[in-house]
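J.: sequence plus predicted model, see below.
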Amino acid sequence: MTRQTVLEQKYCGQEIGSFRLVKLIGEGGMGAVFLGEHKSVDLRAAVKLLRDPLADETAIGRFREEAKLLSRLDHPSLVRLNDCGALPDGTLYLQMEYLHGQPLPAYVQSQGGRLPLSTVLLFGRQMASALASVHEQGILHRDLKPSNLYVIPDREAPGGLRVKILDFGIAKLRSSATQSGAAPSASGQLLGTPRYMSPEQCEGAAELDDRSDVYSLGLILFELLTGESPYPEPQEPMAWLYAHVEKRPRSLHQFAAEAPQALAALLSEMLDKLANQRPAMQVVEERLAALQNGTASAKIPRHMPRATPWLLAAGGVVLFIAMGSLVRAWPVAISSWLRGAFGSSEKERRMRIAAMQAREPKGTVLVPGGRFVMGSNEAEIEAAFLDCQRHRNDCRRDEYERERPQRVVTLSDFYLDSHEVTNDEYASFLNLPLRPTHVEQERLVYTDRMLLVDLHPKASGITYQDGRFAARPEAARKPVVQVTWHGAQQYCAAQGKRLPTEAEWELAARSGGRPSLASEKAFTPSPWPWSPDGGPPRCEGVVMARSPGQSCHAMLASLPISSPGPADVGTASQDRTPQSIFDLAGNVREWVEDEYRVPYPDCGNCQNPRVSASADATAGMRIVRGGSFQQEPTATRSAGRSRWKADYLATGIGFRCAANPESPPPTQ
């Protein structure tokens, strides 16, 4: 029986005054919304129920607060509250006007994924006017997003359409918002939707004002006009929080060159990281009205004075030196300056790489992008299969066929962690306050319902005691294992990074054959993560095949280790690329971003390819790369591919993170 069926069986037919509940029409975080029909006349109402009559006091308090706030509001673009109360079983309800129309996301989709300028200005002005009236009442919405907006026909509105703002479930009076801000709730969860939260909400600021809603509205207007977020869209909530706090929003003109300069200036101001630099909502309404009426001037944003490109470049350098908040813009600024000074040349390329290397975030190495041949050909697959048979009697050729087809891939520059994430680093991540965790069976660590890591005492290097996570002293510098793909992804996002793509991982592993960091020309790929003249992997140089019965196990007694497990990161003498990236061949295998597909799907021109999640039979399987202390030497090859379920654990799988030069993680 579905959840919808259960709710409808429980509530349909119940009467609230003159209305009878007839069907479920939507669900939210706290409530379920039913259609109510008048028993005598042709009237409808939307009835929002607090689903659980035994909900905690916090949920009940928010529901009652929403009723109080709605009772104070009166604007044609705000949903109207008609009544509130409780059902006989104690379930609280709000009876509101029924809207004939469709949610804003559905309307935008019906228009091709983006709206014309005239419609964006119309909707934007309506929303700004409504929110200005809300702010005049001392109320902050705090959860403005497309799914909380509804488009209805309205003969009295210009254009015959009107946007209604819904769901004041986490709205606050300004007096209480300044006391609690967007700080974590009692359950440890931030209030709001990460994709549309203001920077100060993301940081859990102690004080919020109406300019937090201004930022959220700016995000929505940008998306309505371009079909894109002003930030390259991350996949995880933690990455959205980081983007709002640390990343610079992309320019409106990058996606909509025809947009008025005055609108681009307004959105730039609305998306300012500093709340006190954003315009008030009333000012937003006035400037949108001027754009609608064609009276807005082509205003240059206040933070971009008129100047020649050379003066702008010089000013960028001065700002870089003077303002720590602009440090992360340096790779982009120096890249633009070099293009103007030298043109697209080999000299420029070398200088750009030198500048990016100078700005390498702590613990990372710049991997220069370029073209390379990814995967293996028939001869390489056959050689690897025969080599496997020298070490094992259960080799399967299809495990090597996964490396086909060969393809020419072009990648942009990227940063990659020089070593695998350690137990000490992962324990620190688990102790961060922004991500509520709970521990089951004294070892399984979850956030919400997602398994992150297993702290099994015989496999993990992390302990949990008295509400704190800590690395075992003897395992602090060993790579974290027993971590799921989700656990790896969330760690990287919390650092302002991401998992590397499969193509990026292989380029880093093959870069030992590269003749010059600055060269864009083809290079001889290395079969291992060290240079080709370094020879095949050696037991004393790579952490591999150390389990009982494997080829390197007999050497354990002569090696400075006490058990056949992973070694401290960065200690394998041979397993090091010329760029000083360690342990790509051995120690532990590593999660990467891509979903597992065989054969590797057609990537067209293969510019920065990544295989995103799909609905095919292999959904839920993710790629792991490299060898481990448990695997034989053939697994150390640069092209080797394997897979594991995203929510499964393994004693020989860990990970490392990557980052883009144009949006590096914060300086430590």
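T.: Nice, thanks for sending it over.
J.: could you export whichever helix in the chain runs longest as PDB, CA atoms only?
T.: Longest helix in the chain by number of residues (criterion: DSSP state H): helix 117-136. The C-alpha coordinates for helix 117-136 follow below in PDB (Å, rounded to 0.1, in the frame of the first residue of the first chain):
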ATOM      1  CA  LEU A 117      12.500  38.400 -20.400                       C
ATOM      2  CA  SER A 118       9.100  40.000 -20.300                       C
ATOM      3  CA  THR A 119       7.700  37.000 -18.200                       C
ATOM      4  CA  VAL A 120      10.700  37.000 -15.900                       C
ATOM      5  CA  LEU A 121      10.200  40.700 -15.200                       C
ATOM      6  CA  LEU A 122       6.500  40.200 -14.600                       C
ATOM      7  CA  PHE A 123       6.900  37.300 -12.200                       C
ATOM      8  CA  GLY A 124       9.900  38.900 -10.500                       C
ATOM      9  CA  ARG A 125       8.100  42.100  -9.900                       C
ATOM     10  CA  GLN A 126       5.100  40.200  -8.500                       C
ATOM     11  CA  MET A 127       7.300  38.200  -6.100                       C
ATOM     12  CA  ALA A 128       9.300  41.200  -5.000                       C
ATOM     13  CA  SER A 129       6.200  43.200  -4.300                       C
ATOM     14  CA  ALA A 130       4.700  40.300  -2.200                       C
ATOM     15  CA  LEU A 131       7.900  39.800  -0.300                       C
ATOM     16  CA  ALA A 132       8.300  43.500   0.300                       C
ATOM     17  CA  SER A 133       4.900  43.500   2.000                       C
ATOM     18  CA  VAL A 134       6.000  40.400   4.000                       C
ATOM     19  CA  HIS A 135       9.100  42.100   5.100                       C
ATOM     20  CA  GLU A 136       7.100  45.200   6.100                       C
END
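J.: which positions in it come out as buried?
T.: Within helix 117-136, the residues scored as buried using 16 or more other C-beta atoms under 10 Å are 117, 119-135. From N, CA and C alone the C-beta is placed, and that goes for glycine too.
J.: I'd like to know how far residue 659 sits from residue 139.
T.: Note on residue 659: its distance to residue 139, by C-beta to C-beta, to the nearest Å, is 39 Å.
J.: please enumerate residues in contact with the one helix or strand residue 470 maps to?
T.: Element membership for residue 470 (DSSP states H and E) is strand 468-471. Identification of contacts with strand 468-471 by C-beta atoms under 8 Å, 6 or more residues apart in numbering yields 422, 423, 424, 426, 427, 428, 430, 431, 445, 461, 462, 463.
J.: can we see that at 10 Å?
T.: 422-431, 437, 439, 445, 453, 455, 460-464, 476-478, 480 (C-beta atoms under 10 Å, 6 or more residues apart in numbering).
J.: may I see the buried residues of it?
T.: So strand 468-471, judged by 16+ other C-beta under 10 Å, has buried residues 469, 470, 471.
J.: dump it to PDB, restricted to CA.
T.: C-alpha atoms of strand 468-471 as PDB (Å, rounded to 0.1, in the frame of the first residue of the first chain):
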ATOM      1  CA  ARG A 468      33.300  11.900  19.200                       C
ATOM      2  CA  PHE A 469      35.200  10.200  16.300                       C
ATOM      3  CA  ALA A 470      39.000   9.700  16.500                       C
ATOM      4  CA  ALA A 471      41.600   7.900  14.500                       C
END
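J.: and that strand, how far out from the chain middle?
T.: 25 Å (C-alpha atoms, centre = their mean, to the nearest Å).
J.: immediately after it, which helix or strand?
T.: helix 485-494.
J.: if we can go back for a sec, who are the packing partners of the longest helix of the chain?
T.: helix 104-110, strand 139-140, strand 149-153, strand 161-165, helix 211-226, helix 261-270, helix 281-292 (3 or more C-beta pairs under 10 Å, 6 or more residues apart in numbering; DSSP states H and E).
J.: next one: it to chain centre, how far?
T.: On C-alpha atoms, centre = their mean, the centre of helix 117-136 falls 29 Å from the chain's centre.
J.: and residue 144, what element?
T.: Going by DSSP H and E, residue 144 is not in any helix or strand.
J.: in space, what's closest to it - neighbours in sequence excluded?
T.: residue 216 (4.0 Å; C-beta to C-beta, 6 or more residues apart in numbering).
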